[in-house]
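> need a structure here:
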Amino acid sequence: MRFTELFIGDFGVFREEKMTDLDSDLIVVGGGNRAGKSTLMKILRYLPWGFPRRRGLLPPPVESYRVRADLVGADGDRYQLGLEGYGDPVLSKIEGETGKSARELYGGIDRFSYRQIFTISLSELQKVPPGIESKKDKQRLRSVLLGAGLARLTELPELADRYFKRARKIGGKYGRTDVGEFKSPRRRLESAGEKLEEALSQVQDYGRARDELEEVQAEQEELEKTEENLKLKKTRLDVLKNRYSSLEKLRRLEKKHKRHPGSALDLSRYSCRNVDRAEELLERSQERRREFERLAAGIRSRLAGDEIELKSLIKSFRERKEKITAVGEQLSGLKQRLEDYFQLKEQHGRRWKELKNKAGQVNSEWEQNLLNMMELETDSIEKDRLLRQISDLEQIEAEIEDREGKSEELKAEIEDLSLSRENTAGRRPAEINRISFMLAGGTLAVSILIFVFFSPAAALPAAGLGFALAGVFHLTAGSRARDRDRKIEELDARLEAKRSRLEKKKKELENLREKKREIQKDLNFYRSRLGLAEDAGPELITDYFNSLQNLQSEFTRLQDEKKTVKEKAERLKDELSGIRQLLKEIEKDAGLNLFVLPEKEELLIGGERIAAAAGQCKEHMEEINSLAEARRNLENLQQETAEEFIHFDPEEDELENFLQQHIEKGKEALDYKELSEEVKSLREQLRDALAASDRIRRSFQDFAAEKSSPGKKTDLLASFRSFSNLYASSDEIDEEYEKTRTKLKNLQDRSETLTEEKQKLKDRMEELSSPDRLRKAHCELDEARSKLRKRAESYALHKTVHFLLKKVREREVERAKKELLKPAGELLSEMTSGEYQEIKPADESAEIDFRASNEKSGVKKRAEELSRGTKEQLFLAVRLSRIREIEPPLPVIFDDSLANLDRRHLLGALRIIVRLSQRNQIFLLTCHPHLIRMLNDETEKGQYWHLCSGDLEKVAADELIGRLSETDF
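Here you go, the predicted model:
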């Protein structure tokens, strides 16, 4: 199984990072300290099981952990594994459906084993890694590292010790019966012997106990007859006591039932339903009548003073109902349109003032007459022309400045060249010849003087030296003169060229200045039309031109807005005029001044008054409609009553009086019915209570039998009433009940005492006539012997197992060491270059430790006796050996776990890892460039990633080495 893609959305320093195309089985991730390597290992470590919630174990997310990985399983299928927050991992098949879980994809390995075997940091290469503290965790780690076979074998000494301790607990060190668990069965054996002796001595007094039993039975039979009669009486009193209040209530209700006025009514005419219906109709009638009177009074008080005027008014409104309704529906829109019109008119006037103020700020003449500013064309063509001229002017001015600067430079260069020519002039050739002859003549004269006055021998060298100096001077001065002549000729040529260029620049300047004057002439036209001074700059002209363009656009828009305001005013006038006409017609027909209306000439100004009057008209119409609806509701209610109550006549009976009388009589009838039902129910309750149990029923049947002739059928309720007549009040009943209960209690106590005595006598007789005690004593004796025998067998078994386990371990441990740890020893030998060739477990079976040995030298060292690097190689070899054994091959993560190895041992470890990558996918996380260089030299395969502050980038091996070499660790 291997990863093909890893996406880290949110985890520690990682944000939306992706490792794609993981097509290699060896993946190297290089990065400096705090780059995120350990964080990446934690992601791969917990991905198949979910992230633990333990505080401080994982780096915090920004929002919530999000990780997703694409994998190829051992079956060759492609899967996607996703993890959100602290939830369970979700495994899905990229093509098709899967019934696997993430753990099943990883071959069923548990989280603990995967962490300790397949995710290897320096922490895991210690004798006891961090977090392994409890004995249980240490045992699990030992089992994980050694494998099932050797782990179980190393548990044999502990198992043998448990058997030895168990044997010692049973019988001590030597198996004596007076110590340990032998002690209790021995004591029970002695006690059983004593009981057997007692049972053999008890065979007397059986006849005396039988006589006493007959006397007790006779007395008890007499007591039972008396007790039964008292129980029946107590039951009757108990029922009367509990039902006395119900009986009294029944008597009161029966008297009230006989005298009730409802007994004289025809009960078939009244029911709960029609009484409720009558109450509902009465309430509705009263509400509708009050509503009708309220509406009528309101209309009279607001509009008319008497009935005739009200009818006329109602008629006027009813005839124009549709028009009034239409006006009412448009009323809100009319008010809004009026508000919008005056708001638009006000805004229009304000905008005109603002436009004039803006125009005056640009040109004072435009404030008086805005049409003047419309004379100048400001369309896009004209603006482009102005901008081109300004741009051309700026370009020409820049060129003029450039030409003037270059002209000044040429003038300065000409002056410098002229000065250089003047300074270059020197001696001419004729002067040089003259000086040379003078030097030669002087030399000759001096030589003659030396010859005459000093020494003839010195005269010749002096003459030679002088003539030589004269010759050198003549040659040197001549050569310099010729060089000066050539330099002067060059300077003259350069002066001529510079003067020619200067004339050309002057002509170009003149042409540019002419073009500038022409453009300035056009710009002066714009200055004049815009009211600007002649020295106004191009930027100011452009600003004024833009301002004018905006002003002209605003002027055109306001002209259009003015037309809109006028059109809205005309439409509003027409609408308001129609409403005013309608209201006037209503007032004319009614003969009343109902509304406050403006004159025709003031329609817009008085628009709000017209709208208010139209609203009043709508309200009056609604009131009139409500009044008519209230009248119809009253008529409908009368019809509804006549349909439901056939004895109601709408022409003769007044509705509310009829309903009121029906309600009063109905309530009497219903109350009488309810009282009858209550009396009947109470009688049934008493009968049910008297028949609730056989004892209650039999108690009153016996009482009735005492008061009547035999064979007559018993009425339980009548018997109950007859029994209650014996007592004048509830206090007498309570007093009689207590007396009966006390007598019954005394009888029961005596009966219980006799029962106990009878049972004791029976038990005594049975005990005397039975051999059970003898059998019991024999059983206890046999049981004690059996337990003692079992303890002896268990003691022998545990001692024997202890002896056998010690021998098995001694015989098998050497063979198990060679078979199970031999592959790990071979890996350690390769990593240490043969320095250590064999790994064996420590002598202490429960300890997580190993011994590394060299067969040649015979040296055996425990893990703590090894150097740090060798100890890490030992635990690494054990883990690599276990990785090769586990199926299916799972990804392995190394997090700088080779950091403490020197180059020779590091190379051996890398070679093993390269071989392992042929079976398992390897993630190698490191910050050391030399490790990557050695790995790249060892194998050509491999994929390299650079990690920096959570950013992952695929790079070449050389580039990764270079980046890590520059990193400050």
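
> Shouldn't residue 23 be within a helix?
No: Residue 23 is assigned coil when assessed by DSSP: H, G, I helix; E, B strand; the rest coil, not a helix.

> if I pick it, what's in contact with it?
Listed by CB atoms under 8 Å, 6 or more residues apart in numbering, the contact set of residue 23 reads 4, 943. Bear in mind the C-beta positions are built from the backbone N, C-alpha and C, glycine included.

> how about a cut-off of 10 Å?
Contacts for residue 23 were tallied using CB atoms under 10 Å, 6 or more residues apart in numbering; they are 2, 4, 943.

> quick one, phi/psi of it?
Per-residue torsions, residue 23: phi -90, psi 0 (degrees, to the nearest 10).

> Show me where the stretch 851-969 of the chain has its strands.
Along the stretch 851-969 of the chain, counting by DSSP state E, counting those that start in this stretch, strands occupy 860-862, 892-895, 922-926, 943-948, 951-955.

> of all the ones you listed, which lies closest to residue 212?
The closest of those to residue 212 is strand 860-862. By CB to CB, the value is 87.4 Å.

> Downstream of the helix or strand that residue 572 is a member of, the next helix or strand is which one?
For residue 572, the host element (DSSP states H and E) is helix 538-590. Using DSSP H and E, the helix or strand that directly follows helix 538-590 along the chain is helix 607-644.

> Just checking, which helix or strand succeeds that following helix along the chain?
Using DSSP H and E, the next helix or strand after helix 607-644 towards the C-terminus is helix 655-690.

> residues near residue 423, how many?
Per other CB atoms under 10 Å, the neighbour tally for residue 423 reads 8.

> Show me what whichever helix or strand it is part of is packed up against.
For residue 423, the element it lies in under DSSP H and E is helix 380-424. Counting by 3 or more CB pairs under 10 Å, 6 or more residues apart in numbering; DSSP states H and E, the packing neighbours recorded for helix 380-424 are helix 456-530, helix 538-590.

> thought residue 879 was touching residue 824?
Yes: because the distance of 8.6 Å satisfies CB atoms under 10 Å, residue 879 is recorded as touching residue 824.

> tell me the average confidence for the helix holding residue 423?
On average, the pLDDT along helix 380-424 is 75.

> where's that helix relative to the chain centroid, distance-wise?
Relative to its chain's centre, helix 380-424 lies at 71 Å (CA atoms, centre = their mean, to the nearest Å).

> Show me this protein divided up by domain.
As assigned by automatic domain parsing, the chain contains the domains 1-109+897-914+925-969, 165-203+774-807, 207-259+691-755, 380-530.

> which one of those is the most hemmed in?
domain 1-109+897-914+925-969 (a mean of 17; mean count of other CB atoms under 10 Å).

> Quick check: mean pLDDT of that one?
In this model, domain 1-109+897-914+925-969 has a mean pLDDT of 89.

> Tell me who's in contact with residue 41.
When contacts are counted by CB under 10 Å, 6+ apart, residue 41 touches 29, 119-121, 893-897, 923, 925.

> at 7 Å what do you get?
119, 121, 893, 895, 925 (CB atoms under 7 Å, 6 or more residues apart in numbering).

> got TSV for the residues you listed, with distance to residue 576 too?
Converted to TSV, these look like this (distance: CB to CB, whole Å):
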residue	distance to residue 576
119	89
121	91
893	88
895	89
925	87
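
> the bottom helix or strand of this protein by mean pLDDT?
In the chain, no helix or strand scores lower on mean pLDDT, DSSP states H and E than helix 364-368, which sits at a mean of 59.

> returning to that earlier point: any idea which of the contacts of residue 41 is the one closest to residue 791?
Of all these, residue 119 has the smallest distance to residue 791: 51.5 Å, by CB to CB.

> in the sheet, who's paired with the closest one?
Residue 119 has the following beta-bridge partners by DSSP bridges: residue 893.

> Pull the contacting residues for it.
41, 44-45, 893.

> Go again with 6 Å.
Applying CB atoms under 6 Å, 6 or more residues apart in numbering, we find residue 119 in contact with 41, 45, 893.

> Endpoints of stretch 690-699, how far apart?
9 Å (CA to CA, to the nearest Å).

> please renumber so the chain begins at 288
Sure, I'll start numbering at 288, so the last one becomes stretch 977-986.

> Mind putting the contacts of residue 310 into JSON lines with distance to residue 906?
As requested, the contacts of residue 310 are arranged in JSON lines below (distance: CB to CB, whole Å):
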{"residue": "289", "distance to residue 906": "85"}
{"residue": "291", "distance to residue 906": "80"}
{"residue": "1230", "distance to residue 906": "87"}
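
> closest to residue 864 among the residues you listed?
The closest of the contacts of residue 310, once distances to residue 864 are taken by CB to CB, is residue 291, at 84.2 Å.

> out of everything not next to it in sequence, what's closest to the closest one?
For residue 291, ignoring the flanking residues on the chain, the nearest one in space by CB to CB, 6 or more residues apart in numbering is residue 357 at 4.7 Å.

> repeat for residue 543
Residue 543's closest residue in space is residue 962 (CB to CB, 6+ apart), at 6.5 Å.

> closest to residue 338 out of the strands of the stretch 1138-1256 of the chain?
Checking the strands of the stretch 1138-1256 of the chain against residue 338 by CB to CB gives strand 1179-1182 as the closest, at 16.0 Å.

> List the pairing partners of the longest strand seen in the chain within its sheet, with orientation.
Longest strand in the chain, counting residues (DSSP state E): strand 289-298. According to DSSP bridges, strand 289-298 forms sheet pairs with strand 301-306 (antiparallel), strand 353-359 (antiparallel).

> What lies in contact with the first one?
For strand 301-306, contacts defined as CB under 6 Å, 6+ apart pick out 293-296, 1237, 1239.
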